[in-house]
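Q: What follows is a predicted structure for the sequence shown.
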Amino acid sequence: MFRRRLAGFSCSSLLRLGQLAHAEPSVTPAPATPATTPLPPAPAAPPNYLGNVSYTPPAFISEPTVLPPQAATGPSWRLSKSDVIQAVLRNNLGIQLERENVRAGQFSEQASGGAFEPNITASYRHRDADYPPSNTQEGQAGEIINSIDNTWNVAGSKQFQTGTQTTLSLNNDWARSSQGNAISPDLFRTSADLTLTQPLLRGFSTDGDIQTAPILRAHFASERALAQAQLRAASAVLTAENAYWDLTEALKSYQVRVRSWELASEQLKLTERQIQAGVLPPSDLINAEGTLARRELALLEAEGNIEQSADRLKQIMNLPDPEWKKAFLTLDAPRFVALRPDVPKLIAEAQARRPEVSQTNLDLRQATLDQRVADNAKLPDLSASVSYGLIGQDASYSGSLAELGQARGRYWSTLVRLNWSPLNEQRRAEAERASITRRRTNVEKNQLLLNIRVEVRQAARALETAEKQLYAAANSRSLSEQSLSAEERKFQNGLSNNFFVSQRQDELAQAQLAELSALIRHEKARADLQLATGDLLQQRNVRLDLSAR
């Protein structure tokens with residue numbers, strides 16, 4: 001039944017490795033003394049890694065992948081690596097979370113500047129009182145004095161990043177009184193004043209960092225969220241790529257197994273014809289049928305690997321439920337790119353642009369700022385202020401405003417204020433703790449740079465090893481092709497049997513799978529090196545869209 005299911009499978013659509021130099025043997029009895037055909041000289045083995053040659057993937061790797069027959073009848077989705085990356089950047093839950101963190105950091109940075117925004121306050125008070133006079137100037141004994149007072153004020157204030165606090169206020173008062181010493185039954189009094197206050201020690205620095213410390217901390221947090229989003233995106237892209245290549249390897253491994261099954265099927269047919277012709281004993285049929293059964297089992301395992309790899313990729317892409325019903329077919333074949341990385345240069349680039357380094361630099365800048373703020377807090381609270389004002393007064397509100405404009409009534413004042421705690425134990429302890437945090441952050445940065453150096457060296461070494469293994473696997477596959485071709489010729493001439501042909505076929509299939517696996521490892525090693533140097537997203541032309549959706 002299994003044979004009938006694969007009987008219609010097109011061999012031309014499958015990938016082939018090299019060309020097997022053998023023809024379909026004719027069904028004629030072999031002579032009593034078989035004439036041996038001299039074997040052609042074995043071609044020279046391909047140069048190894050040290051030969052400094054280029055590598056071209058064979059046909060069974062470079063040609064398009066195909067789905068198993070039962071999967072090809074349903075809905076399918078032909079995916080490129082770019083499609084997978086876009087879906088991951090769009091749907092990955094971790095990246096969505098980082099996007100929200102970035103937006104929250106941006107709003108926090110915006111909100112931290114609220115202390116430097118202009119502020120306007122206004123107030124109104126009404127007072128109505130009836131009371132006896134306290135002296136003869138106010139009124140006679142037994143008299144009740146009525147006093148009505150209305151006060152309204154408007155003030156605007158703003159703090160600048162130099163620490164200067166400015167306040168401009170307009171104060172108005174309308175008083176109606178029956179006191180005997182009142183200037184007028186109705187009296188309007190208006191004043192306008194400007195006050196400037198400047199801290200001189202605590203809360204002040206010439207570069208403005210102490211005054212704007214909340215803004216700087218919020219900015220560091222926002223930039224740290226951006227770096228974390230880049231780190232999460234690079235990790236997600238690498239994970240998606242690895243899953244894509246795993247699916248590609250599973251699909252192409254299935255094709256190798258199908259080709260191996262076809263070889264076993266052809267060998268079984270040839271054995272049956274030679275048994276009918278009396279060239280081989282009937283017992284040889286058992287070995288040929290056993291080989292075909294093992295190949296059928298390997299095919300079933302390969303089909304299961306395809307489904308498992310596809311589910312893993314769907315999970316990483318976070319696809320909706322309807323998409324899980326589709327069979328995935330990869331479009332991009334692994335390719336070989338020879339690299340000779342300049343390790344010292346890559347280490348320097350990685351230590352300059354890795355997101356983790358950016359985060360550590362931000363941590364160090366914040367720790368330095370926190371130490372400066374803590375040291376500044378130990379200083380005495382010394383500030384100076386100066387005020388200047390104008391006063392207008394009249395029986396009418398318009399008259400008081402006119403007198404205010406004439407600036408006949410004016411005043412000014414200065415104030416120096418000192419607040420000092422001689423012992424200052426709490427602030428000294430906080431300053432020492434901030435100093436320890438800064439030193440610890442600096443050590444962590446040095447540790448990170450050391451780890452990056454090791455990671456880049458390991459990634460470069462893994463890439464070199466993967467290239468060597470690829471050349472060795474290609475050489476092994478080429479020799480396996482030649483070995484199978486020679487064994488088939490010997491079998492046609494009666495100098496071999498099914499056991500050795502089956503063994504050579506298995507060796508070829510394993511060599512093909514080993515070469516495919518080596519090429520996939522080289523692809524992954526190249527991506528690992530790009531991740532280690534912080535260049536993965538740039539090489540994929542990925543620009544993160546961190547706007548909230």
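A: Sure thing, it's come through.

Q: all contacts plus neighbour counts: C-alpha atoms, from now on.
A: Will do.

Q: check contacts around Leu299.
A: Shown in contact with Leu299 (CA atoms under 8 Å, 6 or more residues apart in numbering): Tyr254, Arg257, Val258, Trp261.

Q: do that again at 7 Å, thanks
A: Tyr254, Arg257, Val258 (CA atoms under 7 Å, 6 or more residues apart in numbering).

Q: try Gln366
A: Contacts of Gln366 (CA under 7 Å, 6+ apart): Arg217.

Q: Next one: it from Phe500, what distance?
A: Distance from Gln366 to Phe500, counting by CA to CA, to the nearest Å: 71 Å.

Q: Could you check how far Ile275 is from Pro355?
A: Ile275 is 69 Å from Pro355, by CA to CA.

Q: Tell me the helix or strand right after the helix or strand harbouring Leu529.
A: Per DSSP states H and E, Leu529 falls inside helix 498-532. Counting by DSSP H and E, the next helix or strand C-terminal to helix 498-532 is helix 536-539.

Q: quick one: average confidence on that following helix?
A: Averaged across helix 536-539, the pLDDT comes to 92.

Q: May I have it exported as CSV, CA atoms only?
A: Taking Å, rounded to 0.1, in the frame of the first residue of the first chain, the C-alpha atoms of helix 536-539 are listed here in CSV:
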residue,chain,number,x,y,z
LEU,A,536,21.8,41.0,12.7
LEU,A,537,18.9,43.4,12.3
GLN,A,538,20.9,45.7,10.0
GLN,A,539,21.9,42.8,7.8
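
Q: about what we covered before: who does the helix holding Leu529 touch, helix- and strand-wise?
A: Packing contacts for helix 498-532, counted by 3 or more CA pairs under 7 Å, 6 or more residues apart in numbering; DSSP states H and E, involve helix 213-276, helix 284-317, helix 425-492.

Q: Kindly reformat those as TSV and extend each row with mean pLDDT.
A: Formatted as TSV, the helices and strands packed on helix 498-532 follow (pLDDT from 0 to 100):
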stretch	mean pLDDT
helix 213-276	93
helix 284-317	92
helix 425-492	94
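
Q: Any chance of those in a markdown table with distance to Thr206 as columns?
A: Formatted as a markdown table, the helices and strands packed on helix 498-532 follow (distance: least, CA to CA, whole Å):
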| stretch | distance to Thr206 |
| --- | --- |
| helix 213-276 | 13 |
| helix 284-317 | 51 |
| helix 425-492 | 20 |
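
Q: list the contacts for the residue lying closest to Leu508 once chain neighbours are set aside?
A: The shortest distance from Leu508 to any non-neighbouring residue, by CA to CA, 6 or more residues apart in numbering, is to Ser480 (5.0 Å). Neighbouring residues of Ser480 by CA under 7 Å, 6+ apart: Glu507, Leu508, Ala511.

Q: which of those residues lies closest to Lys445?
A: For the contacts of Ser480, the minimum distance to Lys445 (CA to CA) is 45.7 Å, reached by Ala511.

Q: angle of the helix or strand harbouring Val373 against helix 213-276?
A: For Val373, the host element (DSSP H and E) is helix 355-377. Relative orientation of helix 355-377 versus helix 213-276 (axes from the mean of the first three to the mean of the last three CA atoms, to 10 degrees): 160 degrees.

Q: Next secondary structure after helix 355-377?
A: strand 381-394.

Q: In that next one, which residues are buried?
A: If you call a residue buried by 16 or more other CA atoms under 10 Å, then strand 381-394 has these buried ones: Asp381, Leu382, Ser383, Ser385, Ser387, Gly389, Leu390, Ile391, Gly392, Gln393, Asp394.

Q: Check stretch 71-83 too.
A: Under 16+ other CA under 10 Å, the buried positions of stretch 71-83 are Ser76.

Q: CA atoms only: put it into CSV for me.
A: Extracted as CSV, the C-alpha positions of stretch 71-83 are listed here (Å, rounded to 0.1, in the frame of the first residue of the first chain):
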residue,chain,number,x,y,z
ALA,A,71,0.2,17.4,2.8
ALA,A,72,0.2,18.6,-0.8
THR,A,73,-3.5,17.9,-1.2
GLY,A,74,-4.6,20.5,1.4
PRO,A,75,-4.0,24.3,1.8
SER,A,76,-0.4,25.3,1.9
TRP,A,77,1.6,28.4,2.4
ARG,A,78,4.9,29.0,0.5
LEU,A,79,7.0,31.0,2.9
SER,A,80,10.2,33.0,2.3
LYS,A,81,12.5,33.8,5.2
SER,A,82,11.5,37.5,4.8
ASP,A,83,7.9,36.5,5.3
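
Q: State the mean pLDDT of that stretch.
A: On average, the pLDDT along stretch 71-83 is 86.

Q: which outside residues touch it?
A: Glu241, Tyr244, Lys326, Ala327, Phe328, Leu329, Thr330, Leu331, Asp332.

Q: separation between the closest residue to the first one other than its chain neighbours and Trp245?
A: Taking CA to CA, 6+ apart, and ignoring the residues beside it in sequence, Glu241 has Lys81 as its nearest neighbour in space, at 6.9 Å. Here Lys81 is placed at a distance of 9 Å from Trp245 (CA to CA).

Q: likewise Arg504?
A: 28 Å.

Q: if we can go back for a sec, name the residue in Ile275 and Pro355 with the higher neighbour count.
A: Pro355 (21 against 17; other CA atoms under 10 Å).

Q: May I have the phi/psi pair for the closest residue to Ala115 other than its chain neighbours?
A: Closest residue in space to Ala115, ignoring its immediate chain neighbours: Gln159 at 7.0 Å, by CA to CA, 6+ apart. Dihedral angles of Gln159 (phi, psi; degrees, to the nearest 10) stand at phi -110, psi 130.

Q: which residues does Gln159 form a beta bridge with?
A: Taking DSSP bridges, one obtains Gln165 as the residues bridged to Gln159.

Q: Distance-wise, check it relative to Asn287.
A: 93 Å.

Q: between those two, which one's more packed in?
A: Higher neighbour count among Gln159 and Asn287: Gln159, with 20 against 16, using other CA under 10 Å.

Q: pLDDT wise, what is that one at?
A: 91.

Q: Burial check on the nearest residue to Arg353 once chain neighbours are set aside, number of neighbours?
A: Nearest non-adjacent residue to Arg353, counting by CA to CA, 6+ apart: Gly534, 6.0 Å away. Neighbourhood size, Gly534 [other CA under 10 Å]: 24.

Q: quick one, what contacts Gly534?
A: Per CA under 7 Å, 6+ apart, neighbours of Gly534: Ala350, Arg353, Arg354.

Q: Turn those into a markdown table, columns for neighbour count.
A: Output for the contacts of Gly534, formatted as a markdown table (neighbours: other CA atoms under 10 Å):
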| residue | neighbour count |
| --- | --- |
| Ala350 | 24 |
| Arg353 | 13 |
| Arg354 | 20 |
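
Q: Redo those residues as JSON lines? Include pLDDT and distance to Ala233.
A: Output for the contacts of Gly534, formatted as JSON lines (pLDDT from 0 to 100; distance: CA to CA, whole Å):
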{"residue": "Ala350", "pLDDT": "95", "distance to Ala233": "17"}
{"residue": "Arg353", "pLDDT": "92", "distance to Ala233": "15"}
{"residue": "Arg354", "pLDDT": "94", "distance to Ala233": "13"}
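
Q: Of those, which is the nearest to Leu516?
A: Ala350 (30.1 Å).

Q: Checking Ser123 next. Helix, strand or coil?
A: strand (DSSP: H, G, I helix; E, B strand; the rest coil).

Q: I'd guessed it sits against Ala155; true?
A: No: with contact defined as CA atoms under 7 Å, Ser123 does not count as touching Ala155 (9.1 Å).

Q: Those two: who's more crowded?
A: Neighbours of Ser123 and Ala155, each counted by other CA under 10 Å, are more numerous for Ala155; the result is 17 against 10.
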